[in-house]
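Peer 1: what's the 3D shape of this:
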Amino acid sequence: MKRMIFACLVAMIIPQAGAELPSGPATKAEIAALPPLCRVKLGGSSQAEMSAAERSLGANNWLHFHHYCFAVNYLRNRLSSVRSQSDRKWMFGEIIGNYVYVLDKSEKTFWMRPQIHLEMGRVYEQMRDKGAAMGQYAQAVSFNPDFQAAYLPLIAVQRDLGDPKSALATAAEGLRRFPSSKGLKKAYLDLGGKEPFPEPIMKEAAVPRNARPQASPVTTEEGRQGSEASAELESAGKSAPDAQAESVADEVNRGCRFCPPDEIQQRWRDSFGEPVEQ
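Peer 2: As a prediction, the model looks like this:
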């Protein structure tokens, strides 16, 4: 009888729906599907690679970066396998919680903030909370107005929430920065904007890499393929550990502080599964 009572108490304390939740550390297959920096953080990389990534992101940002990787792993690899509403709610909470943790603990100038806000916005849309999604997209654009990937999602939720005036203003601002964007042109016209399109603004040129302050890295995760980078570095007489470290550094050390070149931004977003429309 005591055992039966104890079992009943345990059942009340531990949600039974959680039995279907994928649990435990990320598997090798899951890690392989994550962005490059997460593969370094979670994949048992060499000390040289880890050190290069830490120098590029900043020690404090890198210290907490695994929580971003946890969020992406739940989102990319585990959410689709969860069926019950209670378990999906739990997993959404884990995803948002890990994103928020990184935002809370990282430096206020951390270059990945707009990407995190963008991803959180998409999660809130999956949760059918468009108001919260709009707030995240707006924060992404506010942090970096040259973060192209957030404009169309922000316009869409503004329109869906019955605010076409704000949606048109967002489309106009996007076109000033990305005058060749077909998606922004269409949104602008659909919302009542008229040609000629808004006058483009002049963007500051990216700071040359060798002239950029070492304390201000902003990056992309995509660049040369690791094998090509290693080959080039080794041909220059560098050791294999140094080649690996500099290959990682090349992936995360490009552009200026808040405005990397457009082609770099696109490769970076592509690596996170967020291709930029043309």
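Peer 1: any idea which helix or strand in the chain has the lowest mean pLDDT?
Peer 2: One helix or strand of the chain scores below all others by mean pLDDT, DSSP states H and E: helix 226-235, with a mean of 33.
Peer 1: what ranges in the protein fall below the confidence cut-off?
Peer 2: The chain contains residues with pLDDT under 70 at 1-22, 203-278.
Peer 1: check which helices and strands the lengthiest helix in it sits against.
Peer 2: When the chain is parsed with DSSP state H, its longest helix is helix 85-105. With contacts defined as 3 or more Cβ pairs under 8 Å, 6 or more residues apart in numbering; DSSP states H and E, helix 85-105 has these neighbours: helix 65-73, helix 113-126. The C-beta positions use only the backbone N, C-alpha and C, and glycine is treated the same way.
Peer 1: of all those, which lies closest to residue 161?
Peer 2: Closest to residue 161 of these is helix 113-126 (Cβ to Cβ; 11.7 Å).
Peer 1: with just CA atoms, put the helix or strand just after the closest one into PDB.
Peer 2: With elements assigned by DSSP states H and E, the helix or strand that comes after helix 113-126 is helix 130-143. In PDB, the C-alpha atoms belonging to helix 130-143 read as follows (Å, rounded to 0.1, in the frame of the first residue of the first chain):
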ATOM      1  CA  LYS A 130       2.000  37.400 -33.100                       C
ATOM      2  CA  GLY A 131       2.200  40.300 -30.600                       C
ATOM      3  CA  ALA A 132       5.300  38.800 -29.000                       C
ATOM      4  CA  ALA A 133       6.700  37.900 -32.400                       C
ATOM      5  CA  MET A 134       6.300  41.500 -33.600                       C
ATOM      6  CA  GLY A 135       8.200  42.700 -30.500                       C
ATOM      7  CA  GLN A 136      11.100  40.400 -31.300                       C
ATOM      8  CA  TYR A 137      11.400  41.300 -34.900                       C
ATOM      9  CA  ALA A 138      11.200  45.000 -34.000                       C
ATOM     10  CA  GLN A 139      14.100  44.500 -31.500                       C
ATOM     11  CA  ALA A 140      16.200  42.800 -34.200                       C
ATOM     12  CA  VAL A 141      15.700  45.800 -36.600                       C
ATOM     13  CA  SER A 142      16.300  48.300 -33.800                       C
ATOM     14  CA  PHE A 143      19.500  46.700 -32.800                       C
END
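Peer 1: ok and helix 130-143 relative to helix 85-105, angle-wise?
Peer 2: On the basis of axes from the mean of the first three to the mean of the last three Cα atoms, to 10 degrees, helix 130-143 is oriented at 20 degrees to helix 85-105.
Peer 1: report the buried residues of helix 130-143.
Peer 2: Using 16 or more other Cβ atoms under 10 Å as the test for burial, helix 130-143 gives 130, 132-141, 143.
Peer 1: alpha carbons only: can I get the following helix or strand past that helix in PDB?
Peer 2: For helix 130-143, the succeeding helix or strand toward the C-terminus, using DSSP H and E, is helix 151-160. Extracted in PDB, the C-alpha atoms of helix 151-160 (Å, rounded to 0.1, in the frame of the first residue of the first chain):
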ATOM      1  CA  TYR A 151      12.100  43.200 -42.200                       C
ATOM      2  CA  LEU A 152       9.700  41.000 -44.000                       C
ATOM      3  CA  PRO A 153       8.600  39.000 -40.900                       C
ATOM      4  CA  LEU A 154       8.100  42.300 -39.100                       C
ATOM      5  CA  ILE A 155       6.000  43.700 -42.000                       C
ATOM      6  CA  ALA A 156       3.900  40.500 -42.100                       C
ATOM      7  CA  VAL A 157       3.000  40.600 -38.400                       C
ATOM      8  CA  GLN A 158       2.300  44.300 -38.400                       C
ATOM      9  CA  ARG A 159      -0.100  43.800 -41.200                       C
ATOM     10  CA  ASP A 160      -1.700  40.700 -39.600                       C
END
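Peer 1: list the buried ones in helix 151-160?
Peer 2: Residues of helix 151-160 classed as buried under the neighbour-count rule (16+ other Cβ under 10 Å) are 151-159.
Peer 1: right, I'll leave it there.
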